[in-house]
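In: got a sequence here, can you model it:
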Amino acid sequence: MAQPRAVVIGGGIGGLTAACALHHDGWTVTVLERATVLEPVGAGIALAPNAQRALDTFGAGDAVRALSGWQADGGLRLPDGRWLSRTSNEAAARRFGGPVVVAHRADVVGLLAARLPEGAVRTGSPATLADPGAPDRPARVTTLDGDLEAELVVAADGIHSAVRAALFPGHPAPRYTGATVWRLVVPRPATPFPAHETWGTGRLWGTVPLHDGRVYAYAQAVAPARAVAPGGELAQLRRLFGDWHHPVPDILDTADPTAILRNDVHTTTRPLPAFHRGRVALLGDAAHAMAPSLGQGGCQAIEDAVVLAHAVAAADPCAALGEYTRQRLPRTTVVVRRSARVARLTRLSSPLACALRTGALATLNRLGPRVALRSLDGVADWRPPARPERQPADLMTSHTSNSTAP
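Out: Sure, this is the predicted structure:
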């Protein structure tokens, strides 16, 4: 009996997770990535316990946990160094059933890609959806090397997804939030320091140690869309954050100006009517772009991937993708909106508004669980759905109409 085939458009963490989960279930998987490399080298990613439990479903969770560099205290600070709220990864583990792992994206991508068969990932391979498919025919994807047919196409092609635009042409695209973010990784510091996120007026800075001793830093500021920084991005970061508390100036002094990533933040303004059409499923930012304020963008993409794999394990994709939408659309809509609320707080630029924000956060911190942990209640404690049993008849249905396609 032939294996069902899946084509994944996009080789980011969400797309690779989908490929791994489907491969684990016996699918023949091809990942098409437009870029010539899988991931930028200058970025980190936070993987909360919900994402780790999703990765456990195909055996990758423990390998990701081993990448964690944040083991001690941390919290929320002000630009002068004062602490608003303190927490720890041990507290996160008690609250959510596991710690938050902050890892280098390249390490996570490499770990996932290594679980796929040789040749399954094709870089430098732009792809276009030619036909979303239907119960009586496969989906079809056009590549530089010809067309590929598959029982399932997973569109993990990012915020500006061409597949989403093709499936839902009248739906509004994600919009610019008014803030831009920078990400960088710097060498091991001479003096250790606790992980922290610092909120200023219309600006934010975060610093987290990685497992190999290096430091992942990220920054956010209110800025016009597609702005060009005079003198380069490092000069802009120095103007914005150079007088903030230790270790921010030291990190900027050791940063490689050629390895700083800058991206405008876009978010979904109105949920899609569905995350699927025909034999195509949208995943991650292609389906529900969100602000990075909860660190859940990658986590929700990983959840999507595992729920999708579970759904199509029990039935033909045309029948199963409705269940994928039913499970994922409501949950991701809640996370998108919660992320947007926190993001609006981080973008406050009025000194008075920021002072009121500081007072409110300090009060909340005294009244109960730490602010940073409370914001993830109902999110980081998610667990994957029970795995359905696939019947031989379901597998037969998924490919009998096109078993001769390449």
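
In: for this protein, which residue occupies the most central location?
Out: Centroid-nearest residue in the chain: Gly298, 1.5 Å away (criterion: Cα atoms, centre = their mean).

In: check which helices and strands the one helix or strand that residue maps to sits against.
Out: Following DSSP states H and E, one finds Gly298 within helix 297-312. With contacts taken as 3 or more Cβ pairs under 8 Å, 6 or more residues apart in numbering; DSSP states H and E, helix 297-312 sits against helix 13-24, strand 44-47, helix 49-56, strand 152-155, helix 285-288, helix 317-346. To be clear about C-beta, it is placed using only N, CA and C from the backbone, and glycine gets the same treatment.

In: contacts for the fourth one, please.
Out: Think strand 152-155. For strand 152-155, the external contacting residues (Cβ atoms under 8 Å, 6 or more residues apart in numbering) are 4-10, 15, 18-19, 22, 27, 129, 132-133, 139, 141, 161, 163-164, 167, 279-283, 286, 305, 308, 312, 317.

In: the same query, at a cut-off of 6 Å, please.
Out: 6-9, 18, 139, 163, 279-283, 286, 317 (Cβ atoms under 6 Å, 6 or more residues apart in numbering).

In: buried residues in the helix or strand just after it, which are they?
Out: For strand 152-155, the succeeding helix or strand toward the C-terminus, using DSSP H and E, is helix 162-167. Under the neighbour-count criterion of 16 or more other Cβ atoms under 10 Å, helix 162-167 has 162-164, 167 buried.

In: what's the neighbour count on Val306?
Out: Neighbour count for Val306, taken as other Cβ atoms under 10 Å: 24.

In: which one's the longest strand in this structure?
Out: Criterion DSSP state E: the longest strand present in the chain is strand 175-186.

In: who are the packing partners of the helix or strand harbouring Val29?
Out: If you go by DSSP H and E, Val29 is part of strand 28-32. Of the remaining helices and strands, those touching strand 28-32 by 3 or more Cβ pairs under 6 Å, 6 or more residues apart in numbering; DSSP states H and E are strand 5-9, helix 13-24.

In: how about JSON lines for these, with mean neighbour count and mean pLDDT added?
Out: Below are the helices and strands packed on strand 28-32 laid out as JSON lines (neighbours: other Cβ atoms under 10 Å; pLDDT from 0 to 100):
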{"stretch": "strand 5-9", "mean neighbour count": "28", "mean pLDDT": "98"}
{"stretch": "helix 13-24", "mean neighbour count": "28", "mean pLDDT": "98"}
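
In: wasn't Ala235 part of a strand?
Out: No - with DSSP: H, G, I helix; E, B strand; the rest coil as the criterion, Ala235 is assigned helix and is not in a strand.

In: use 235 as the first number from now on
Out: All right, first residue 235 from here; so that's Ala469.

In: just to revisit the earlier point, pretty sure the residue nearest to the centre of the chain sits against Gly249.
Out: No - using Cβ atoms under 6 Å, Gly532 is not in contact with Gly249, being 11.3 Å away.

In: which residues touch His430?
Out: His430 is in contact with 308, 311, 441, counting by Cβ under 6 Å, 6+ apart.

In: for Pro618, state which of those residues is nearest.
Out: Gly308 (27.4 Å; Cβ to Cβ).

In: what does the one helix or strand that closest one maps to contact?
Out: Assessed by DSSP H and E, Gly308 sits inside strand 307-311. Contact partners of strand 307-311, identified using Cβ under 6 Å, 6+ apart, comprise 317-322, 428-432.

In: narrow those to those in helices?
Out: Assigned to helices by DSSP state H, none of the contacts of strand 307-311 qualify.

In: for the helix holding Gly532, list the C-alpha coordinates in CSV.
Out: In CSV, the C-alpha atoms belonging to helix 531-546 read as follows (Å, rounded to 0.1, in the frame of the first residue of the first chain):
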residue,chain,number,x,y,z
GLY,A,531,4.2,32.6,17.6
GLY,A,532,6.4,29.6,17.2
CYS,A,533,4.6,27.7,19.9
GLN,A,534,1.2,28.0,18.2
ALA,A,535,2.7,26.9,14.9
ILE,A,536,4.1,23.8,16.6
GLU,A,537,0.7,23.1,18.1
ASP,A,538,-0.9,23.6,14.7
ALA,A,539,1.5,21.1,13.2
VAL,A,540,0.8,18.3,15.7
VAL,A,541,-3.0,18.8,15.7
LEU,A,542,-3.0,18.7,11.9
ALA,A,543,-1.0,15.5,11.9
HIS,A,544,-3.3,13.9,14.4
ALA,A,545,-6.4,15.0,12.4
VAL,A,546,-5.2,13.5,9.1
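
In: contacts for that helix?
Out: Helix 531-546 is contacted from outside by 247-248, 251-252, 255-256, 259, 279, 282, 284-285, 288, 291, 515, 517-518, 524, 554, 557-558, 561-562, 566, 569, 618-619, 621, using Cβ under 6 Å, 6+ apart.

In: and the residues you listed, which are buried?
Out: 247-248, 251-252, 255-256, 259, 279, 282, 284-285, 288, 291, 515, 517-518, 524, 554, 557-558, 561-562, 566, 569, 618.
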